[in-house]
Structure formats: C-alpha cells, structure tokens
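J.: take a look and give me a structure for this.
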Amino acid sequence: MADGMDETPENKTSEDEVAQYRVAGNGPSENGAPDQPTFVPADAPSGGVPEVGSSGGKGEEFHRPPTRIERLRSWLEELPRVRFYVTLLFIVWLSLTLLIGVNVNPFASGGPSLWTAFLGVGIVVATEMWISWYFLERFGRKILRENALISILLAASLLVFFTALARIFFLLSLPPYLIPLPGLSILGTILLGPRLMFVIVVIAGVNVGIMAGSDFFLTEVLLLTSGFAIYTVLRVGPRTQLLRAGLLIALVSAVVTFAAALIAGLHLRPAVELGGIGLANGLLSLMLAMVLLPLFESTFNILTPMKLLELSDTGHPLLQELLRGAPGTFTHSMQVGSLASNAAERIGASPLLARVGAYYHDVGKLEHPYYFIENQISRMNPHSTLTPALSARIIKRHVKEGLVLGRQWGLPAEVLDMIAQHHGTTRIEYFYRKALEEAIATGASVNDSDFRYPGPCPKRKEAGILMLADSIEATVKSLEKPTRKRIEDIVDGTIRSKLEDGQFDQCELTMREIHETGAAILEALIGFIGPRIEYPEDPDRKTKLA
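T.: So this is what the prediction gives:
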C-alpha cells in the first residue's frame, strides 16, 4: 500500500494499450468482481465480434456533430469574461436608449430637443443598468449558480427584445395596453427564475411607460400583471400547466386593466373595453411565450421543467442509443432514476432533475459497453488479461466520455455536472485491491490516485443523491440473496464510507438529508426486490422433456 509511489513496469499503462484489444462479450462492474471473460487480441479475425467502444458498430455512431447554435454558444463561453460583460452592457445601454428615445412623431414646438430627450433617456437607462449590475453583484452567486454568462446574455436579450416589441406597437399605433409584457415574465421566470425577472420586469415596465409619454397607469398595469405572471408560472411543469397558468394571467390582466381604467376616470363602458384589451394582452403574452420558449431553451441550453420532462422521456434518441448499445446500463440507469427521484422528493430537492441526471449519468459506457458487468450475458470479461491499473483507467474513462457525449447531444449544464460528479473522487475498490494483491506478490508499488475517479465531488443535492443511489443500487444488485438486514447494512456502509472519504464535503446536502436519502433509497429497494412466488414447472412439460 505504497500511495504516491512510482509505477513499475508491471502495472504501468497508457491509454494506447486499450486499442490493442477487442472485446468478445462484456465486462465487469466499476467496483465489483468480474465474470469469466473472453478476450481477443485486436489483430485476431473479427468473426462478427464487436470492437471496443461499440455495440456492433463504431463508437462514433453515438456522437452527433454540434449545431451552429451550439458552436456559437461554445464560442461565447470562451470569450474573456470582463470584456464580454463590458461589451454587453454597452450594447444593451445603446439599444435601450435608441428604442426608448426615438419617437416617430415630430416634437411639439417649444418642446425638448432631440438631443435633450436622448440625454435624459440615456441617463435613465444608465441608472437601470447600474441597478441591474449592483443586483447581480449582490445576489448573482445565489441566483446564477451555473451558466452565469449565458443567463445574463439571455436576460439582456429578453429585455431588448420586449422593448423593441413595445416600440413596434407604438410605431403601428396599436393600443399600448396590448403590449405583451407579461410574456416577458412567463419566459424569463421559466428560463431564469423569479428574482432576476422582477428586476427585468420593473425596468421594462418603466421603459414602456416612458415610450408611452410617461403614462403612469400603463406602467402600473404592466407591472401588476407581469408581477402576477412571475409567481403564477413559478412552479409549472408540463406545457398544459403553462397553458392553464397563462389563461389565469389573461383573466387577471383583464381585471387589473379594467380597475386602472376606472381609477383613471373612464366610464364603465370604456373601462370594460379596456379590460377586454387587457384580456387580449394576457392571451397574446401566453401565445408569445409558448412560441418563443422552445427557441430560447435550445439556443441558450437552459434547463426548464419542460426540458426536464422531455429529457425524462425514455424515447429520447440518446437513451435509445443507450438501450441498444448497453442494455444493462440502461436498466441500471432507470432503476437508479427511480431511487434518486424518490429520495429527492423526500428531502425537498428536485425529483425530476434527480431522475434525469440518473438516466444520463452512465451514457459514457456506450463507448466501451462490454467492459461493464451489467452488459454481460454469460460471456467472459476482458479485464482478466489487463493489469488492474489499465482496467481502472478504462473504467474511469466512462465519466469523461459521458461528458463528451452529453455536450454533443446538447444536455443542459446541470445534467453534465451530475455526469461528472456521480463518482466524485471515489476509489475503484475491486481493481485497487487486486493491484495490492499483485503488489504483495511482485513487490510492485501501487499509486492510490491511479484508482480514483477524477472528480469533482458532488455539489448539488441531486448530484449527492445520485452518487448514493448509484453506488447502493449496484452493490445490492450483486447480492445473491438480498434481505432487509443486508440491504440496511449496505446503505449504512455506503453512507459511512462516502462521508469518511470526503465525498460530501462540498455538497449542499446536510447530514440529516444524507441519512434521509439513505432511508428513502432503502424503502424503495425493499419494494423493488420484495419476495416473489416461485411458479411450479408445468408437469406436462417435464414429461415431454423426460
């Protein structure tokens, strides 16, 4: 057990060695003992035997080229942050100043000059930008934990887009109360969350009021309806729920507009007509949000409840590739998804994110499916001819290859993080112990880091839940005769080992939540593997066989 010592020729490996072999059959679990292998050198006749990294075809089948939008997003993420933010701030300030300050109607005689109006608008917009910047500096780390650059770019795009839309309404002489600002609230809340959207909606409402000639009642109506829209769509899931929420927003918009008209001194009939315009505003906002939501989701790769539901569909092309290429891994992922979802619901985390993360956490095994025991069907294990260090290297690669596949298939950053973190920096015990046994016999040294996953350790609650569910499910599945006591021991032992190894040091899970997660997984596992009646064999069939 010489941690940190140099490798000897007996266990020194390189990734190029992996390409020297071809698998005939399947392989071991990540931490479990292997079955009997059939292993063939790469220069042997193929005879229909699949190559490493495939399931009957080349590994490249599972990859798809990035789209133009994805290449643009990657380019933006590589830009220097300070330069990007300064440039974005200037572009937004200039765009809003021009959109708000430009007036197609001639200025009244004796009124303010064009440059005076632009100066005032520029100062107001600059104040808005300063308030937004201060808000992000103060609360940005809490509300933009991931994808801060993309989220800020999306918020700026939504603000400029809806301001431009309001300007178009004024250019076409459409009723200002028809401007679909609640659509900004619906879109922004689903994509960015409520707190950031309150700031954006207030800025947009003030800007529209300035464009309408400092119309206080218009600003009041837009702010009230948009604020109501934020909390109405805060917890929507399927798109049918979004439709119901939008109809409620339209009704409230009609009532608020009607009330504002009465406050402004209009008679009942004109107030009712204005309320009808408010109803149309809500319906237009709903339609606009439903049309634009998929576009913004795909362009900015933002994870929304609707996107999670789409990713949880087992008919997703990547999951279908997993089913065909690594059916054992697919089944394992589905079971881990159920365990993780049940545990997340128990502790108040996101059950849907936990399930989706579990579904995709092992997609990297598509590249080398037969090196993992869950994909074996009475075949031999290729690891029997490899050194433990090389076997560990192959096993570890499924995390990196999962990230590559996930990015190429456009998986959201939250799911990619769960792929990267689901093993943390845990040690691949089976091959580590095998290396120690060989080291005792040969006098070779064993480097602990060669048998550890690269990390990082879990950070989100859902990633920590996934780590426990994945490890416990795989261990329990290896039991020949599982009992409640043995499963309890596995759950307790897994939690204890992860804690002692420091895997949850950076995780948001509290100690209480970790043990609650274990209890939820235990309950679900006992339900999964409960007793079953052994059906007697057909006596007629026995007679025929005899």
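J.: show me where the protein has its strands.
T.: In the chain, the segments counted as strands under DSSP state E are 21-23, 39-41.
J.: quick check: mean pLDDT of the first one?
T.: It stands for strand 21-23. The pLDDT scores in strand 21-23 average 35.
J.: and if you look at the last one?
T.: Per-region confidence: strand 39-41 scores 36 on mean pLDDT.
J.: repeat for stretch 287-295
T.: For stretch 287-295, the per-residue pLDDT averages 90.
J.: then that stretch to PDB, C-alphas only?
T.: Provided in PDB are the C-alpha atoms of stretch 287-295 (Å, rounded to 0.1, in the frame of the first residue of the first chain):
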ATOM      1  CA  MET A 287     -49.000  32.600 -27.100                       C
ATOM      2  CA  LEU A 288     -45.800  34.500 -27.500                       C
ATOM      3  CA  ALA A 289     -44.300  32.700 -24.500                       C
ATOM      4  CA  MET A 290     -45.300  29.300 -25.800                       C
ATOM      5  CA  VAL A 291     -43.800  30.000 -29.200                       C
ATOM      6  CA  LEU A 292     -40.600  31.500 -28.000                       C
ATOM      7  CA  LEU A 293     -39.900  29.200 -25.100                       C
ATOM      8  CA  PRO A 294     -38.500  26.200 -27.200                       C
ATOM      9  CA  LEU A 295     -36.400  28.600 -29.200                       C
END
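J.: what comes up buried for that stretch?
T.: Within stretch 287-295, the residues scored as buried using 16 or more other Cβ atoms under 10 Å are Leu288, Ala289, Met290, Leu292, Leu293. Backbone N, C-alpha and C define where each C-beta goes, glycine included.
J.: what about Asp448, neighbour count?
T.: As a burial measure, Asp448 scores 14 neighbours (other Cβ atoms under 10 Å).
J.: and the pLDDT at it?
T.: Listed pLDDT for Asp448 reads 87.
J.: I figured it hits Thr426, correct?
T.: No - taking contacts as Cβ atoms under 8 Å, Asp448 lies outside contact range of Thr426: 11.6 Å.
J.: and the gap between Met418 and Tyr359?
T.: 10 Å (Cβ to Cβ, to the nearest Å).
J.: out of those two, which sits in the more crowded spot?
T.: Shown here are Met418 and Tyr359; by other Cβ under 10 Å, Met418 has more neighbours (31 against 25).
J.: apart from its neighbours in sequence, what residue is nearest the more buried one?
T.: Once flanking residues are discounted, Met418 sits nearest to Gly357: 3.5 Å by Cβ to Cβ, 6 or more residues apart in numbering.
J.: got the buried residues for stretch 216-223?
T.: For stretch 216-223, by 16+ other Cβ under 10 Å, it's Phe217, Leu218, Thr219, Glu220, Val221, Leu222, Leu223.
J.: how about the third one: what's its closest non-neighbour residue?
T.: Right, Thr219. Gly209 (3.4 Å).
J.: these two touch, right, that neighbour and Val221?
T.: No - with contact defined as Cβ under 8 Å, Gly209 does not count as touching Val221 (9.9 Å).
J.: quick one: pLDDT of Thr225?
T.: 94.
J.: how many other residues sit next to the residue nearest to it when sequence neighbours are not counted?
T.: Leaving aside its sequence neighbours, Thr225 sits nearest to Ser253 (Cβ to Cβ, 6+ apart; 4.4 Å). The burial count assigned to Ser253 is 31, neighbours taken as other Cβ under 10 Å.
J.: and what of the one 4 residues further on?
T.: Other residues lying near Thr257 total 29 when counted by other Cβ under 10 Å.
J.: kindly report the same for Gly493.
T.: 13.
J.: how near is it to Thr475?
T.: Distance from Gly493 to Thr475, by Cβ to Cβ: 9 Å.
J.: then Ile465?
T.: From Ile465 to Thr475 the distance is 16 Å (Cβ to Cβ).
J.: again, but for Leu136
T.: 44 Å.
J.: how far away is the residue nearest to Thr219 from Leu222?
T.: 8 Å.
J.: for Gly518, same thing?
T.: Relative to Leu222, and taking Cβ to Cβ, Gly518 is found at 49 Å.
J.: with Ile249 instead?
T.: With Cβ to Cβ as the criterion, Ile249 and Leu222 are 12 Å apart.
J.: intersection of neighbour lists for those two?
T.: Pro182 (Cβ atoms under 8 Å, 6 or more residues apart in numbering).
J.: how many neighbours does the residue nearest to Thr219 have?
T.: Residues near Gly209, counting by other Cβ under 10 Å, number 22.
J.: and the chain, what are its domains?
T.: Here the domain parsing of the chain from automatic domain parsing is 15-54+308-528, 71-300.
J.: which of these has the highest mean neighbour count?
T.: domain 15-54+308-528 (a mean of 20; mean count of other Cβ atoms under 10 Å).
J.: next one: that domain to chain centre, how far?
T.: Mean-position distance between domain 15-54+308-528 and its chain equals 19 Å (Cα atoms, centre = their mean, to the nearest Å).
J.: where do the helices sit along the stretch 301-450 of the chain?
T.: Assigned by DSSP state H, counting those that start in this stretch, the helices in the stretch 301-450 of the chain fall at 305-311, 317-325, 327-347, 351-360, 388-408, 413-421, 429-442.
J.: can I get those helices in JSON lines with mean pLDDT and distance to Val160?
T.: What follows is the helices of the stretch 301-450 of the chain, written out as JSON lines (pLDDT from 0 to 100; distance: least, Cβ to Cβ, whole Å):
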{"stretch": "helix 305-311", "mean pLDDT": "87", "distance to Val160": "24"}
{"stretch": "helix 317-325", "mean pLDDT": "93", "distance to Val160": "34"}
{"stretch": "helix 327-347", "mean pLDDT": "95", "distance to Val160": "37"}
{"stretch": "helix 351-360", "mean pLDDT": "96", "distance to Val160": "30"}
{"stretch": "helix 388-408", "mean pLDDT": "91", "distance to Val160": "28"}
{"stretch": "helix 413-421", "mean pLDDT": "92", "distance to Val160": "24"}
{"stretch": "helix 429-442", "mean pLDDT": "87", "distance to Val160": "54"}
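J.: low-confidence ranges, this protein, go.
T.: 1-70, 103-113, 145-146, 237, 378-379, 530-546 (pLDDT under 70).
J.: show me what the longest helix anywhere in it is packed up against.
T.: Longest helix in the chain by number of residues, with DSSP state H as the criterion: helix 268-300. With contacts defined as 3 or more Cβ pairs under 8 Å, 6 or more residues apart in numbering; DSSP states H and E, helix 268-300 has these neighbours: helix 68-77, helix 148-171, helix 181-192, helix 216-232, helix 239-263, helix 305-311.
J.: that helix vs helix 68-77, what angle?
T.: 80 degrees (axes from the mean of the first three to the mean of the last three Cα atoms, to 10 degrees).
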